[in-house]
Structures are given as structure tokens and as C-alpha cells.
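# Dropping a prediction and its sequence here:
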Amino acid sequence: MLGVRSLLQREVVFCHPKGLHIRAAAMMVQKAHEIEHNWGTNIYIRNRYGREVPATALMALHSLNLKFGEKVTIVAKGSRVVEAVDCFDRLLQSDFSPKNSEEIEKMDNILEENALTSDTIFQSIADGLIVVNKKGCITMFNRAAEEITGFKSHEVIGEKIENIIPGIKMQNILRDGRDELGSKKVIGKSAVVTDITPIIINNEILGAVIVFQDILQIERLIDKLDEFKELKARIDLINEAVAKAEYLEEELKRTQKLDSAFEPIVGRSGRLQDALAIASKAAETHSTVLIRGESGTGKELIARAIHYASRRKDKPFVRVNCPAIPSPLLESELFGHEKGSFTGAIYQKLGRFELANGGTVFLDEIGEMNVEMQAKLLRILQEREFERVGGTQTIKVDVRVIAATNRNLEEMVKSGAFREDLYYRLNVVPIVLPPLRKRKEDIPDLAEHFLNKLSRELEKDVTAITRRAMKYLLGYDWPGNVRELENVIERAINLTDDNVIDIDDLPTYVTGISIEDKQFLVNPDSDGEIAPFEEYEKEIIKLALKKYKSFNAAGKALGLTHKTVAAKARKYGLLV
Ligand SMILES: Nc1ncnc2c1ncn2[C@@H]1O[C@H](COP(=O)(O)OP(=O)(O)OP(=O)(O)O)[C@@H](O)[C@H]1O
């Protein structure tokens, strides 16, 4: 069992006339070891500046540099602290002379051990190290110094440093006590960079230490550093490439990894692809989705894609067009009714939520639902349960709700027309479908898609849209969005007499070209007779040049090269 640990401090006066020399310090170390061994008590010595060192550490103790008559504090930590302090006090009052040969031997051992430790440290330092005494003679020369210079320590120890390092100003350093750092010298076989530091003890310059490194070694290190920098630059490049690849992979995922249920949705615009990426993520969950967008932007199409890409795809997708169902009937449409619950309820009827069990209910135009129904809808969203109209039994269903609206629900919440709590219940995953005029780059793909789909359905062989007709499709604002584009293409397929859709197959409100203008296009002859082809050609070239002012622009509008337009203008004498 450990004895009680306590602490005792005592201030004493250091009495040795020569101060704390190394042999006296060795005796203190020896005594401190004895006390530690006998009583388990540690001794520390604190000088008048408050610096405290363990009394077992020779060099630390010696570095306290205690002077005759100086006050010091003996600190004892452990058990039997009184005896320990008394014992150490007695030593400090003594003349520090060993009492017998055994004490001398112990002290010598401590000094030798310490000298060996210092030497090992000195030798193992990787830089060249030379120590000179106050006369400038070499007293130490480590192994690294031997390797760098090619001298052996036994050859140089005792030599004047100037004989080994030509040009060194050692006398100045030993006189002024100032460092000389970073100067180039030649020592033996090597050019080196040296740091020379004087050894000053008690304000007396006792010698100097020269630390040096081989310049070649330094250069090699610099080369290594350069190589390392190059490597790092390459790693940075690789990291950048990896980051780019990850980004592209993400982009690819965003644009390509959509479930096949999303295939019917046409359009490459970033805005549409962003909406599809969210929709595709939503398909993986059961969360409620709110699709926003103007009429005809494809809200129902997206809702279906989410359902058919989800785990519910084998269960029903049930659409409820809220405004189409008169308010009094909406509750029974959604939740069903019991037989006889109201006049005309001659059978029990299942509501859309029950029919959709396991699948998805798509509530289209949710903004049109009255506030009373909104409260009932809130309950089913929160608890997934309801009662049929006229019924008492609570029915639980597992239904994912997708709602859609083209109304500004936030404004409706503010004006009290839409319940705020329902708004938050619905707006879990919001998807915004931009109007077609904000993603016009989708128009060519959509037009081609509808052309193929509808000409097949209408059994007509219409295969293309002229460039100029496409220009008008791109220039129009499409207030009715994709639905309107679909209708325009359907109408054009019906109207065209050949297998290409041209300007005159498009409605006037799309092209802005009046009926008269179009008649002029097909019949420049006022009496209504068909004229020779060249006359039409001449008229159309004249018209295009008048409108577009250059062969280039006219050629673009007509689908001809500027050379052809110029040749025909020349032929018909249209150049003045
Ligand atoms: N990106 C698209 N790709 C192919 N067809 C589309 C696309 N967007 C819309 N459509 C087609 O446009 C028509 C209108 O789409 P949909 O009914 O989904 O729009 P909506 O936003 O739900 O309209 P509303 O608000 O009037 O109900 C549909 O025939 C649909 O197939």
C-alpha cells in the first residue's frame, strides 16, 4: 500500500563557497536517488527565480547555477517528507566532499553516465557539430561532421578551428559573443552552411558551437521539395479531375438515370430535367408531392411518372379533378358513402381513397377545393383514415398523395382561402414545372414527338416541319403550354396536304400571318388562276428580299443558300 503522500517545502541557504559545480550537483543527484529509493519521496530544488527542477536530473540541477549564499527551496513530495527535507538540507549545508570511496564511486558513475548520454546525443545529431573552447581549439567533433568533411575526430580535436575552417572569424565570435548564422564555408571536402553560436555561461564566453549542413544535401532536399511540389500539383490535378468526374456522374445521374416511367416526358432543358430529378427522387419515397405549374405544363404526366416509377406501380393511380366534381359530391367521391346516407345513395359506394388503397391519389387543381373539404383532406393526410359519408366505421388506407395546382397557394393561405396546415402537409416535396415559354429549347423535341405520335394516331404520313414553320413555333409564347403545342401540331397534321408541316398549316395566332398574306403566298395571280411556278418563285424571292434585306437572311428564311437566292434574284431582274 502507498504511504500518505504529502508536500513539504523549506527555504535554505546554499553554502558551498564555489557554488553548485558539477561534482556537487552529482552528489545532490546521488542523495535524491537514495531518498527516493528509501522513502519513496521525490525531491525538487527551486531557485530564487521560481524555477523548479527534479533533484535527480544532473544537468537541470547544474543549470540552476546556484551561487554561494543564495536562497533555495527544497521541495519534498511523498511520504516521510520531514526526514527527506532534513536529509537534503544537511547535504546543502555540507562542503560536498565525498565521505568515502563508495561515495566517490557513486558520484563518478553519475558523472560518467551523464557524459555518455550527452555524447550519444551529440553523436546522433544528423547535422555536423563542432565545439571549440575559449581558445578556439576543437574539443568535440561529431560523426556527421566526420562524414561531411572527411576528417576524423581524432585528427582534429585539439586543433585550432582556423586550420580546419579557413577564413572563420572565431576570435571575433569568442570576443564579441555574437552569433554568425547562415554563412557559407568549406570544411574538408564539402561546401557547407554554418551557424556559429557562442557558449556563454555566467556572462563568460567559454567557447562556441558550430552546426553545419552539406550544401549538396540542402540542394538535394530542395530538389526533393520541388519533386514533392510537382507531385502535389499532380495530385491536385487528379483530385480536380476526380471532382469533375464525380460532378459529371452526378449530372449524368440527374439526366439519365430516370426510371423508364419518365420516358414519355420529352424535353432536355435544364429546368425540366431539374424537375424530373426531384420527381424521380420523390418516386423512391412515400412522401406527399405538390406539383406546381401553369395549365398544360405536364403536371399530370409527372404525377403518373412518379406513381409508375414507385413501389406502388402495380396498385391503382386514381385521379381526382377537384373542380370538375360539384362541392356537395366531392366528399362522397373522395371517401365514399353508405347506402341511404343521402337522397339518391341507393348503394354503398367506395370513395377514391379506398379505391386507390396501396397506390396513389392524384388531386388535380387542389387550389379549387373548398375550405370544408380541405379540413377533411388534412385528416387523411395526417392519419390516413376517414369515415364514409353516413358511416361510422373508421377506414384506414395506405395511399400516397400527389397534388397539383396552378394557383398561388401562398397568396391563398394569406387571404384565408387555403388552410396553412394543409399547405404544409402538401408541400413536402414541391416540384415546379416551368411554362413552355421559359424552356423554348424543348419546343423542337416536343413538336417532333407530337408529330410522330399524332400522325401515327391520325394515320397520316406527315414526317417533318419546315424550318420556317419551326421558327414560328419557337417565336410564339404558348400561353397554353405543351397542351397548346400538341393541339397546334394535331391541327397542322390535319390541315397539311403533303407530308410536311409548313407556315400555312399553323394557326394565324401563332405565325401572325393573315389569311390574305397566305393566299398571296399560294396564289399571286389576282384572278385566282394557278400561275407558272417561276412566277411564285419570283414573288417569294422578292418578298423575302424586301423583308430580310440581305441574301443571307432571306436565304435562311426560305431554306436556301445565299448563293441560290442571289442567283434567282439576278434571274428575275430583282437587283437594281
Ligand atoms: N414534357 C412533356 N412531354 C410530352 N408530353 C407532354 C409534356 N408535357 C406535357 N405533355 C402533354 O401535354 C398535355 C398536357 O399535360 P398535362 O395534362 O399533364 O398538364 P397539366 O399541367 O396537368 O395541365 P392542367 O393543369 O390543365 O391539368 C398532355 O397531353 C401531356 O401528355
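Thanks, I have the structure now.
# residues in contact with the closest residue to Thr564 other than its chain neighbours?
Nearest in space to Thr564, with sequence neighbours left out and distances taken as C-beta to C-beta, 6 or more residues apart in numbering, is Gly555 at 6.8 Å. Placement of C-beta: from N, CA and C, glycine included. Gly555 sits next to Thr561, His562, Thr564, Val565 when contact means C-beta atoms under 8 Å, 6 or more residues apart in numbering.
# now the helix or strand containing Gly555: mean pLDDT?
Assessed by DSSP states H and E, Gly555 sits inside helix 551-558. Helix 551-558 shows an average pLDDT of 88 in the prediction.
# do stretch 564-574 as well
86.
# so who does the residue in the chain that the ligand sits nearest to touch?
Ranking the residues of the chain by distance to the ligand (C-beta to the nearest ligand atom) places Gly298 first, at 2.7 Å. Counting by C-beta under 8 Å, 6+ apart, Gly298 makes contact with Ile265, Leu433, Asn481, Val482.
# Now, those that are in helices?
Taking DSSP state H, the ones among the contacts of Gly298 that sit in helices are Asn481, Val482.
# Most widely separated two among the contacts of Gly298?
Comparing all pairs in those by C-beta to C-beta, the longest separation belongs to Ile265 and Asn481, at 13.5 Å.
# Go ahead and confirm Lys160 touches Ile130.
No: the criterion here is C-beta atoms under 8 Å, and Lys160 misses it with Ile130 at 12.0 Å.
# Quick check: neighbours shared by those two?
Ile138.
# More neighbours: which of these two?
Ile130 (26 against 15; other C-beta atoms under 10 Å).
# ok, what's across the strand from that one?
Beta-bridge pairing of Ile130 under DSSP bridges involves Phe141, Ile210.
# what residues are up against it?
Counting by C-beta under 8 Å, 6+ apart, Ile130 has contacts Ile138, Met140, Phe141, Asn142, Ala145, Ile161, Ile164, Val209, Ile210, Phe212.
# Sort out which of the residues you listed are buried, if you could.
Among the contacts of Ile130, those buried by neighbour count (16 or more other C-beta atoms under 10 Å) are Ile138, Met140, Phe141, Asn142, Ala145, Ile161, Ile164, Ile210, Phe212.
# Tell me which two of those sit farthest apart.
Across the buried ones among the contacts of Ile130 (C-beta to C-beta), the longest gap, 14.7 Å, separates Asn142 and Ile161.
# how close does the residue nearest in space to the middle of the chain sit to Arg234?
Centroid-nearest residue in the chain: Ala243, 9.6 Å away (criterion: C-alpha atoms, centre = their mean). Separation of Ala243 from Arg234 (C-beta to C-beta, to the nearest Å): 15 Å.
# Please name the spatially closest residue to Arg437 (chain neighbours excluded).
Leaving aside its sequence neighbours, Arg437 sits nearest to Asp477 (C-beta to C-beta, 6+ apart; 4.9 Å).
# Would you mind giving the domain segments of this structure?
6-111, 125-219, 262-434, 465-571 (automatic domain parsing).
# Nearest to Pro444, out of these?
domain 465-571 (6.4 Å).
# quick one: the closest one to chain centroid distance?
For domain 465-571, the separation from the chain centroid amounts to 52 Å (computed by C-alpha atoms, centre = their mean, to the nearest Å).
# if you look at it, does any of it touch the ligand?
Yes: with C-beta under 6 Å from any ligand atom as the measure, domain 465-571 is seen reaching the ligand through Val482, Arg483, Glu486.
# Need these in TSV (columns: pLDDT and neighbour count).
Output for the residues of domain 465-571 next to the ligand, formatted as TSV (pLDDT from 0 to 100; neighbours: other C-beta atoms under 10 Å):
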residue	pLDDT	neighbour count
Val482	97	26
Arg483	96	15
Glu486	96	18
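# Go through those and name the one nearest Ala24.
For the residues of domain 465-571 next to the ligand, the nearest to Ala24 is Val482 (101.0 Å; C-beta to C-beta).
# the strands in the stretch 1-150 of the chain, which residues?
Secondary structure of the stretch 1-150 of the chain by DSSP state E, counting those that start in this stretch: the strands cover 6-13, 42-46, 52-54, 71-78, 128-133, 138-141.
# could I get these as a markdown table with mean pLDDT and distance to Asn427?
Listed next are the strands of the stretch 1-150 of the chain as a markdown table, based on pLDDT from 0 to 100; distance: least, C-beta to C-beta, whole Å:
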| stretch | mean pLDDT | distance to Asn427 |
| --- | --- | --- |
| strand 6-13 | 92 | 69 |
| strand 42-46 | 95 | 71 |
| strand 52-54 | 92 | 69 |
| strand 71-78 | 94 | 69 |
| strand 128-133 | 94 | 75 |
| strand 138-141 | 93 | 81 |
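# got JSON lines for the ones you listed, with distance to Val428 too?
Output for those, formatted as JSON lines (distance: least, C-beta to C-beta, whole Å):
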{"stretch": "strand 6-13", "distance to Val428": "67"}
{"stretch": "strand 42-46", "distance to Val428": "68"}
{"stretch": "strand 52-54", "distance to Val428": "67"}
{"stretch": "strand 71-78", "distance to Val428": "67"}
{"stretch": "strand 128-133", "distance to Val428": "73"}
{"stretch": "strand 138-141", "distance to Val428": "79"}
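# Of all the ones you listed, which one comes closest to Lys547?
Lys547 sits nearest to strand 128-133 of all these, at 90.6 Å, using C-beta to C-beta.
# How about Arg175, nearest residue that isn't a chain neighbour?
Ile205 (7.7 Å).
# ok but that neighbour is inside a strand, no?
Yes: with DSSP: H, G, I helix; E, B strand; the rest coil as the criterion, Ile205 is part of a strand.
# Next, count neighbours for it.
15.
# Just confirm it contacts Arg178, I think it does.
No: using C-beta under 8 Å, Ile205 makes no contact with Arg178, being 10.1 Å away.
# any shared contact partners between these two?
Contact with both Ile205 and Arg178 is made by residues Pro198, according to C-beta under 8 Å, 6+ apart.
# residue boundaries of the helices in the stretch 451-576 of the chain?
Taking DSSP state H, counting those that start in this stretch, the helices of the stretch 451-576 of the chain run over residues 467-475, 481-495, 508-511, 515-522, 533-548, 551-558, 562-571.
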